[in-house]
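> Have a look at this prediction, sequence included:
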Amino acid sequence: MQVNNTEINGFLIDQFNQHNLDVGKTQGICPLCSSDRQPKNQKAKCASYDWERGLGTCHHCDSSFQLHTYQRKGSSEKTYIRPDAFKDLRRYLFWVYNV
Ligand SMILES: [Zn+2]
């Protein structure tokens with residue numbers, strides 16, 4: 001699978017694969033909850049990755065997360081999303097993608 005590591009939907013990727021996940025895989029660990037799980041479950045593939053959209057979804061903690069960070073369009077200002085801000089992901093997506 002070809003993974004675009006420079007831009008998605010016209011948005012320049014700042015830090016590609018910010019959670020150091022398995023690039024191109026559709027399933028794997030969750031950057032949000034896997035490290036907090038019991039040792040036998042820490043490698044459980046509880047999350048789905050969508051590399052085309054740059055989004056991941058975890059079926060264990062029921063969260064969405066960004067696979068990358070992006071540079072803000074038309075600006076040198078960088079866009080970071082803090083781990084504790086994932087609950088605001090929908091608002092963030094609206095702001096970034098206008099969806
Ligand atoms: Zn999770």
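Thanks, I have the structure now.
> shouldn't residue 37 be in contact with residue 44?
Yes - using Cβ atoms under 8 Å, residue 37 makes contact with residue 44 at a distance of 7.0 Å. C-beta coordinates here come from the backbone N, C-alpha and C atoms, glycine included.
> what is in contact with these two at once?
Counting by Cβ atoms under 8 Å, 6 or more residues apart in numbering, the residues touching both residue 37 and residue 44 are residue 60.
> Look at the residue lying farthest from the centre of the chain and give its secondary structure.
If you look at how far each residue of the chain sits from its centre, by Cα atoms, centre = their mean, the farthest one is residue 40, at 23.8 Å. Under DSSP: H, G, I helix; E, B strand; the rest coil, residue 40 falls in the helix class.
> got the residues of the chain near the ion?
30, 32-33, 58, 60-61 (Cβ under 5 Å from the ion).
> Please check those and keep the buried ones.
Of the members of the residues of the chain next to the ion, the ones counted as buried by neighbours, 16 or more other Cβ atoms under 10 Å, are 30, 32-33, 58, 60.
> Which of the residues you listed fall within strands?
Those of these mapping onto strands are residue 58, per DSSP state E.
> Which pair in the buried ones among the residues of the chain next to the ion has the greatest spatial separation?
32 and 60 (8.9 Å; Cβ to Cβ).
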